[in-house]
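Colleague: Structural data only, the sequence is not supplied:
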């Protein structure tokens, strides 16, 4: 892979990572609000139990999404490390070149499609 191509992917990876970090910050901020703050009701009246359960479910779902996005950030950081080491764009399993089409779709891909398929079948 040329230096120009790796620079393009590095820029793209950083852009994606920054966007995800922003999303995580927003999710965390919204999820950590109290139930009264999130509903906009600051009065002293209590909530219905169904409303509380719904709010709790929404909060848990948001935190799960943030956790999954954090995993993507780890993958991106790993890809940036591979760029610095000169290993970016090569499958970690078979050491073949990862097709450009795959890297355009998933710029932090570690494996070629064949090796990724094998890995997923094992799980």
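Modeller: Thanks, I have the structure now. These figures come from a predicted structure and were not determined experimentally.
Colleague: what helices or strands is the helix or strand harbouring residue 64 leaning on?
Modeller: Assigned by DSSP states H and E, residue 64 falls within helix 49-85. Using 3 or more CB pairs under 8 Å, 6 or more residues apart in numbering; DSSP states H and E as the contact test, the elements touching helix 49-85 are helix 3-31, helix 35-39. No exception for glycine: its C-beta is placed from N, CA and C like everyone else's.
Colleague: Quick one: closest of the ones you listed to residue 65.
Modeller: Within those, the stretch nearest residue 65 is helix 3-31; the backing value is 6.4 Å (CB to CB).
Colleague: In terms of secondary structure, what does that closest one contact?
Modeller: When contacts are defined as 3+ CB pairs under 8 Å, 6+ apart, helix 3-31 sits against helix 49-85.
Colleague: one more time with 10 Å
Modeller: helix 35-39, helix 49-85, helix 100-105 (3 or more CB pairs under 10 Å, 6 or more residues apart in numbering; DSSP states H and E).
Colleague: Would you convert those into JSON lines that also reports mean pLDDT, distance to residue 24 and mean neighbour count?
Modeller: Formatted as JSON lines, these follow (pLDDT from 0 to 100; distance: least, CB to CB, whole Å; neighbours: other CB atoms under 10 Å):
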{"stretch": "helix 35-39", "mean pLDDT": "51", "distance to residue 24": "18", "mean neighbour count": "13"}
{"stretch": "helix 49-85", "mean pLDDT": "86", "distance to residue 24": "5", "mean neighbour count": "13"}
{"stretch": "helix 100-105", "mean pLDDT": "94", "distance to residue 24": "22", "mean neighbour count": "13"}
